[in-house]
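> quick one, structure for this:
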Amino acid sequence: MKAINVSLWFGLQPHPHLKLQFRRSIIQAFSLPNSSSSKISMASSSSAHPWKYDVFLSFRGEDTRRSFTDHLHKALCRYGINTFIDDRLRRGEQISSELLQAIEESRFSIVIFSQQYASSSWCLEELTKILECVELRGHKALPVFYKVDPSDVRNQRGSYGEAFAKHEQEVYKDKLEKVLKWRNALTVASGFSGWDSRGRHESEGVWGMAGIGKTTIAEVVYQRFCTQFEGCCFLSNVREKSQKGDLTDLQIQLISEILGEASHNTRNFHRGNNFIEKALRSKQVLIVLDDVNHGRQLEALAGNREWFGPGSRIIITTREKRLLIEKEVDAIYEVEELKRDQSLVLFCQHAFRQAHPTKDFGQLCDHALNYTKGIPLALKVLGSFLYKRDQKEWDSGLGKLKRIPNKEIQDVLRTKMGWEIDVIRVLTTNTGTEAVEGMVFNLSTLKELHFSVNVFKKMNKLRVLRICFGDHEKLWGYND
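Residues are numbered from 1 along each chain as shown. Okay, here's the model as predicted:
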C-alpha cells in the first residue's frame, strides 16, 4: 500500500508581502500576543528547556535567501522572535557542527521547502537533525511549502525526484542508506502542520475493495490531525445514508459538526451548497467522506476548491477509483491486501486471542488465509466466527467456503457469519430492539448458548425465528 500520510497546511501569501493572514498564523503558532508592538522572546519565558533560539530557519539559500526567507526573517524579528539564520554560503558535503548545535538549541524550526531544497545535502542533513530533535527534545517543526506541491515533497516527485535521482546515481551511490533516511525525513516532515504558499485546499482519495481497511485508515488519520483544524467532520457511510434519504441530511450534519451548531439552527438549509460555501470558505477544515460511490455525493458535500478555506483537507474513501479520477483529487492511494504474515497475525488475534495458532491448528489456519485473501474484515469476521471451536467445526466451516468464489468470500463472511455472531450477541446480552423482525441461527455450531426468554420482550416486531440443529430445524412464524 502506498504510504498514507496526510499533510496539513495553513494559507500563506507569497513574498514580498507577508500579509495579515500569515502574520496571524505565525503569532498563533508561536502563542504570541496579537500585537505588532510585542517584543516577547519565548526563549526567555521557558525555564524548562535551555532554548537559545526561538526559531531555526532551514532553507535553500539559492532559492529564497534574498527573497522569501529574508522577508520571513524580518517579520519574525519584528515580533520579537529570536531567530537563527545561517547567512554563510554553504560548501562541501559535511554540515557544520555549529548548525547542528543551533538546531538543538532552538525551540522551533521553520523548514522552507523550495524547488531546489532536496538538491542540497546540507538542507537534508538539517532536516534529519530537526526530526531527531522533534522526537527526542520536544522540538517543533513547521513546514512552509514555497512554490512547490506538498505531494511532490512527500513522495519525492518533480524537482525533488530529480534531486534524489542525482543523489543516488552520483555522489551518494555508495551511501544509499543515508539517501533513504533523507527520503523518510521529507515524508515525515511534509505531514506536519504548516503553510502552503499556493493558499488552497487539497483532496485525497483512498480506494480499495470492500473490507480492505479504507475506513480504518481514514479514522486513524482523522483522530491524529483533527485538533489542528478550525473545524472537522467525519461523515461515515455516505453511500448507505444517501440511499436512505436525500443528501440534505448529510449536508446538515456536515455544517453542524464543523460549526458546532445543533441541527435546529440549520432548519433553513434550503440554500444547500451555497450555504456550505458561505459558512466554510474562510475556515481551515478537515473533512472525511467515507464510502462514497457517486459523483453527486461529492458535489453536494465537497463541491469545489472555493468551498473551503486555504489549508483545508478533504479525504474520500471509496471502492470506485474512477470516481476519484473524474473528480481530479490531488492524490490517490490504493489500499492493498495484507501480506501473508500480517494476515496470519490478524486472523489469530481473533481466532485464538493471540498472535499465533494453537497446537494442531496450523494447517487449518493456512486454509483460512487462502480463503480470506488478505482482506482485513474477512480475516476478523472468520477468525471471530471460529473462536473456541474445535477442529471438526473448523473443517465444516472452512469446507463450506470451498464452494464459494473468492470474490464473494468477503460478502459471505460479513453477511452470513457476521449475522450469526450478531444474533448470538443479541441473545446473550439482551440488546434486541423492535427493529428485529427475523432471526436464524444454527445451534449445531455452538457448544452451549445461555439466554433468557425475556430477551424477546423488546423484539415486539419479531416475525420469524428459525433454529437449526444438525439436520433438524424448527421454524416459528407469525401465527405460532
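
> report the buried residues of the helix or strand containing residue 160.
Per DSSP states H and E: residue 160 is located in helix 159-169. Of the residues in helix 159-169, 159-160, 163-164, 167 count as buried by neighbour count, 16 or more other Cβ atoms under 10 Å. Using the backbone N, CA and C atoms, a C-beta is placed for each residue, glycine as well.

> quick one: the strands in the stretch 351-480 of the chain, in order.
438-442, 464-469, 472-476 (DSSP state E, counting those that start in this stretch).

> for the stretch 201-350 of the chain, same thing?
Using DSSP E, counting those that start in this stretch, strands in the stretch 201-350 of the chain cover 202-207, 231-235, 285-292, 313-318, 331-334.

> other residues contacting the third one?
Contacts of strand 285-292 from elsewhere in the structure, counted by Cβ atoms under 8 Å, 6 or more residues apart in numbering, are 8, 214-215, 218-219, 221-222, 225-226, 228-240, 254, 258, 297-298, 301-302, 308-309, 312-320, 323.

> hmm, back to that, ok, of the strands of the stretch 351-480 of the chain, where does mean pLDDT dip lowest?
In terms of mean pLDDT, the lowest-scoring of those is strand 472-476 (a mean of 52).

> which elements pack onto the helix holding residue 160?
Judged by 3 or more Cβ pairs under 8 Å, 6 or more residues apart in numbering; DSSP states H and E, the packing partners of helix 159-169 are helix 150-155, helix 176-189.

> could I get those as JSON lines with mean neighbour count, mean pLDDT and distance to residue 378?
Putting the helices and strands packed on helix 159-169 into JSON lines (neighbours: other Cβ atoms under 10 Å; pLDDT from 0 to 100; distance: least, Cβ to Cβ, whole Å) gives the following:
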{"stretch": "helix 150-155", "mean neighbour count": "20", "mean pLDDT": "90", "distance to residue 378": "30"}
{"stretch": "helix 176-189", "mean neighbour count": "17", "mean pLDDT": "93", "distance to residue 378": "30"}
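
> among those, which is nearest residue 276?
Closest to residue 276 of the helices and strands packed on helix 159-169, according to Cβ to Cβ: helix 150-155, at 24.6 Å.

> centre of the chain to the closest one, how far?
Distance of helix 150-155 from the chain centroid (Cα atoms, centre = their mean, to the nearest Å) equals 16 Å.

> equivalent analysis for stretch 168-185, please.
28 Å.

> related to what we said a few turns ago, show me which of the contacts of strand 285-292 are buried.
Burial by neighbour count, 16+ other Cβ under 10 Å: within the contacts of strand 285-292 this picks out 8, 214-215, 218-219, 221-222, 225-226, 229-235, 238, 254, 258, 297-298, 301-302, 308-309, 312-318, 320, 323.

> got a list of what residue 451 touches?
Contacts of residue 451 by Cβ under 8 Å, 6+ apart are 427-428, 430.

> tally of neighbours for the residue nearest to residue 331 when sequence neighbours are not counted?
If the residues on either side of it in the chain are set aside, residue 331 comes closest to residue 204, at 4.7 Å by Cβ to Cβ, 6 or more residues apart in numbering. A count of neighbours around residue 204, defined by other Cβ atoms under 10 Å, yields 23.

> pLDDT at residue 204, what is it?
pLDDT, read off for residue 204, is 86.

> and residue 479, by the same measure?
43.

> how much space separates the residue most central in space within the chain from residue 288?
Centroid-nearest residue in the chain, with Cα atoms, centre = their mean: residue 221, separated by 2.4 Å. Using Cβ to Cβ, to the nearest Å, residue 221 is found at 8 Å from residue 288.

> need the overlap of contacts for the two.
residue 315.

> can I get the strands of the stretch 201-350 of the chain in CSV with distance to residue 94?
Below are those laid out as CSV (distance: least, Cβ to Cβ, whole Å):
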stretch, distance to residue 94
strand 202-207, 36
strand 231-235, 44
strand 285-292, 41
strand 313-318, 38
strand 331-334, 35
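
> figure out which of those is closest to residue 187.
strand 331-334 (12.9 Å).

> how far away from the center of its chain is that closest one?
12 Å.

> helices or strands up against that strand?
By 3+ Cβ pairs under 8 Å, 6+ apart, strand 331-334 packs against strand 202-207, helix 321-326.

> before we move on, the earlier item: so which of the strands of the stretch 201-350 of the chain comes closest to residue 86?
Here strand 202-207 is closest among these (Cβ to Cβ), at 31.1 Å.

> quick one: that closest one to strand 313-318, angle?
20 degrees (axes from the mean of the first three to the mean of the last three Cα atoms, to 10 degrees).

> strand 202-207 pairs with which strands, parallel or anti?
strand 313-318 (parallel), strand 331-334 (parallel) (DSSP bridges).

> buried ones in the last one?
Meaning strand 331-334. Buried residues in strand 331-334 (16+ other Cβ under 10 Å): 331-333.

> what average pLDDT does it get?
84.

> now do stretch 254-267
pLDDT averaged over stretch 254-267 gives 69.

> from here on, count from 53
Renumbered: residue one is now 53, and that last one reads stretch 306-319.

> residues near the residue lying closest to residue 259 once chain neighbours are set aside, how many?
Distance criterion Cβ to Cβ, 6+ apart; nearest residue to residue 259, sequence neighbours excluded, is residue 373 at 4.7 Å. Residue 373 is flanked by 13 other residues according to other Cβ under 10 Å.

> which strand or helix spans residue 187?
helix 173-189.

> extract the C-alpha set from that helix and format it as CSV.
Taking Å, rounded to 0.1, in the frame of the first residue of the first chain, the C-alpha atoms of helix 173-189 are listed here in CSV:
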residue,chain,number,x,y,z
SER,A,173,22.8,17.7,1.2
TRP,A,174,23.1,20.3,3.9
CYS,A,175,19.4,21.0,3.9
LEU,A,176,18.6,17.3,4.0
GLU,A,177,21.0,16.8,6.9
GLU,A,178,19.5,19.8,8.7
LEU,A,179,16.0,18.2,8.2
THR,A,180,17.2,14.9,9.6
LYS,A,181,18.6,16.6,12.6
ILE,A,182,15.4,18.6,13.1
LEU,A,183,13.3,15.5,13.1
GLU,A,184,15.7,13.9,15.6
CYS,A,185,15.1,16.8,17.9
VAL,A,186,11.4,16.6,17.4
GLU,A,187,11.4,13.1,18.6
LEU,A,188,13.9,13.4,21.5
ARG,A,189,13.9,17.1,22.6
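
> fine by me, we can end here.
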